[in-house]
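K.L.:
need a structure here:
(4 chains)
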2 protein chains.
Amino acid sequence: MKKSEATRLSILQKSFELIYEKGYQTTSIDDILATTQVTKGAFYYHFKTKDEMGLAIINELLKPSFANTFMNPLNASGDPVKIIYDMMYSILMKNEFMKVEHGCPASNFTQEMAPWHSDFTKALNELSEEWKNAIVQCIKNGKKAGSIRADVKPEQVAVFIMSGYWGIRNVGRLNNSKSVYLTWLKQLKDYLHSLQ
Amino acid sequence: MKKSEATRLSILQKSFELIYEKGYQTTSIDDILATTQVTKGAFYYHFKTKDEMGLAIINELLKPSFANTFMNPLNASGDPVKIIYDMMYSILMKNEFMKVEHGCPASNFTQEMAPWHSDFTKALNELSEEWKNAIVQCIKNGKKAGSIRADVKPEQVAVFIMSGYWGIRNVGRLNNSKSVYLTWLKQLKDYLHSLQ
DNA sequence: GTAAAAAAATACCGGTTAGTATCTCTTATG
DNA sequence: CATAAGAGATACTAACCGGTATTTTTTTAC
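P.N.:
Numbers count the residues shown, from 1 in each chain, chains lettered A, B, ... in the order given. Predicted coordinates:
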């Protein structure tokens, strides 16, 4: 009951990396088997279908890691301007898992799955909503504390910031260079200050 | 020499719509043949491979239409704040081809192709660069005319705005509702005014 | 230690994919 | 109207895909 958990997790983790690099649809079961050194029998013992595995990746790997990287920083107390900027800087510039040429796993999943798999889209929408709400809360706190102007609409700002992040990941992939991240971050800082 | 051009164009146009709705990789040649009522012989007479057709779609359909919708409005003279906002409003809310559930074709292509096809990525990066430069120019004009503050960095602003657009398309697909477009547009307006 | 259940290995299947080879029809030109 | 090239139709293939059936090995419980 222990080693089997290990192979299951190994399948999930390696698949996650592979899918992050190659895309979900272009990563075949055989690809996964080749890199994990797991046989088909083992794979299908743990997962009924490829999509079930995909969903497990989202729920068991993506969500927790998302919570760590995207949510936790926002729960800190202090000036939202600093909190949000630092979070974005850390996600874009310091995170070692995410590569500029591959973008953001959550965003990639979304874009790739949206046209044809509503279960995935739903799961990913939850992520996105959680993030937005966390940003909203962070800004509301700032308004209460007086570091953010009273007329600022938290919801609007959250959507605006979030969109910018998804977008700059897209641009980063196109340019294949982190320098656009820095350009974006500079303007994000100016924008955030305009809320003070 | 006339009818053949028509079938070629018909293949491109129908494929474009199909790919826009279903994604490039999940749209098979047979799908295309079924909807275009064209036979495989005809298809492969006009295009050597599926990817060649994909590139033709980008260069012959996407680029010109992009120029119309995304570039032309920026060449108008006047206040960049109004020009840029009106353009975004028109792209997001008034364009009849683009559906919220399918996002923006240029963005979809990018996300889907990036991991495995550098030719596509290159072509799409050109689009993105052109758009950015057009926004940069528009803002520079505004600075000269005095409607935009002197300390505003056009390049940064352009990247920031562009990213927001790619991103809100992503969010729109997740939410499957245009209401996030309106939320984003409101904040875009505030942001643009902060540049005055 | 052995039997039962869990986990994994192997071989295979039907369907789909992009692409090809070959044949036929159409059209433009003399 | 003949003919040759242009355009399109048909039938096929080889590789790959996700998934299954069956067997073998490993682990757990007694």
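K.L.:
so where's chain A shaky on pLDDT?
P.N.:
For chain A, applying pLDDT under 70 flags the ranges A:1.
K.L.:
what residues go with each domain of it?
P.N.:
If you go by automatic domain parsing, the domain ranges for chain A are A:1-47, A:50-193.
K.L.:
all strands for chain A, in order.
P.N.:
Using DSSP state E, chain A contains no strands.
K.L.:
Which helix in chain A has the most residues?
P.N.:
Ranked by number of residues, the top helix in chain A under DSSP state H is helix A:118-145.
K.L.:
quick one: it near chain B?
P.N.:
Yes. Helix A:118-145 lies within reach of chain B by C-beta under 8 Å from any C-beta of the partner chain, at A:121, A:124, A:125, A:128. Heads up, the C-betas are built off the backbone N, CA and C, glycines and all.
K.L.:
My guess is the first one contacts residue A:112. True?
P.N.:
So the one you mean is residue A:121. No. With contact defined as C-beta atoms under 8 Å, residue A:121 does not reach residue A:112; the gap is 10.4 Å.
K.L.:
Please say which of these two ends up with more neighbours.
P.N.:
Between residue A:121 and residue A:112, residue A:112 has the larger neighbour count (other C-beta atoms under 10 Å in any protein chain shown), namely 23 against 20.
K.L.:
Which residue, other than its chain neighbours, is closest to that one?
P.N.:
Using C-beta to C-beta, 6 or more residues apart in numbering or on different chains and skipping the chain neighbours, the partner closest in space to residue A:112 is residue A:24 (5.3 Å).
K.L.:
With residue A:116 instead?
P.N.:
Nearest to residue A:116 is residue B:26, by C-beta to C-beta, 6+ apart, at 5.8 Å.
K.L.:
What number of residues are in the vicinity of residue A:179?
P.N.:
Residue A:179 has 10 neighbouring residues, counting by other C-beta under 10 Å.
K.L.:
Show me which residues of stretch A:175-183 are buried.
P.N.:
A:175, A:180, A:181, A:183 (16 or more other C-beta atoms under 10 Å in any protein chain shown).
K.L.:
dump the residue contacts of the last one.
P.N.:
Listed by C-beta atoms under 8 Å, 6 or more residues apart in numbering or on different chains, the contact set of residue A:183 reads B:155, B:156, B:159.
K.L.:
distance of the first one from chain A?
P.N.:
Noted for residue B:155: a distance of 7 Å to chain A, by C-beta to the nearest C-beta, to the nearest Å.
K.L.:
quick one: contacts for the spatially closest residue to residue A:123 that is not a sequence neighbour?
P.N.:
Of all residues not flanking residue A:123 in the chain, residue A:58 sits nearest, at 5.0 Å (C-beta to C-beta, 6+ apart). Applying C-beta under 8 Å, 6+ apart to residue A:58 gives the contacts A:109, A:120, A:123, A:124.
K.L.:
In this structure the third one contacts residue A:59, no?
P.N.:
Yes. Using C-beta under 8 Å, residue A:123 is in contact with residue A:59, at 6.7 Å.
K.L.:
Show me which of the two is the more surrounded one.
P.N.:
Between residue A:123 and residue A:59, counted using other C-beta under 10 Å, residue A:123 has the larger neighbour count: 19 against 12.
K.L.:
That one and chain B, how far apart?
P.N.:
On the measure of C-beta to the nearest C-beta, residue A:123 and chain B end up 10 Å apart.
K.L.:
Could you count how many residues lie near whichever residue of chain A sits closest to DNA strand C?
P.N.:
DNA strand C sits closest to residue A:41 of chain A, with a gap of 1.7 Å, by C-beta to the nearest atom of the strand. When counting by other C-beta under 10 Å, one arrives at 7 neighbours for residue A:41.
K.L.:
what do you get for residue A:157?
P.N.:
Neighbours around residue A:157, by other C-beta under 10 Å: 25.
K.L.:
Nearest spatial neighbour of it, chain-adjacent residues omitted?
P.N.:
residue A:139 (5.7 Å).
K.L.:
and what of residue A:31?
P.N.:
residue A:18 (6.3 Å).
K.L.:
surely residue A:194 meets residue B:191?
P.N.:
Yes. Residue A:194 lies in contact with residue B:191 (C-beta under 8 Å); the separation is 7.3 Å.
K.L.:
In terms of neighbours, single out the busier of those two.
P.N.:
Neighbour totals were compared for residue A:194 and residue B:191, and residue B:191 leads with 25 against 15 (other C-beta under 10 Å).
K.L.:
Against residue A:110, how distant is residue A:10?
P.N.:
Separation of residue A:10 from residue A:110 (C-beta to C-beta, to the nearest Å) stands at 25 Å.
K.L.:
Who has more neighbours out of those two?
P.N.:
residue A:110 (24 against 14).
K.L.:
Residue A:132 - how many residues pack around it?
P.N.:
Residue A:132 has 19 neighbours, counted by other C-beta under 10 Å.
K.L.:
For it, which non-adjacent residue is closest in space?
P.N.:
Of all residues not flanking residue A:132 in the chain, residue A:158 sits nearest, at 4.8 Å (C-beta to C-beta, 6+ apart).
K.L.:
Identify the residues contacting the one you found.
P.N.:
Applying C-beta under 8 Å, 6+ apart, we find residue A:158 in contact with A:132, A:133, A:135, A:136, A:139.
K.L.:
make it 7 Å
P.N.:
A:132, A:135, A:136, A:139 (C-beta atoms under 7 Å, 6 or more residues apart in numbering or on different chains).
K.L.:
which residue ranges form the helices in chain A?
P.N.:
Secondary structure of chain A (DSSP H): helices located at A:3-22, A:29-36, A:40-46, A:50-56, A:63-66, A:80-89, A:105-113, A:118-145, A:154-175, A:179-193.
K.L.:
Name the residues of stretch A:21-36 that are buried.
P.N.:
Buried residues in stretch A:21-36 (16+ other C-beta under 10 Å): A:21, A:23, A:24, A:25, A:26, A:27, A:32, A:33, A:36.
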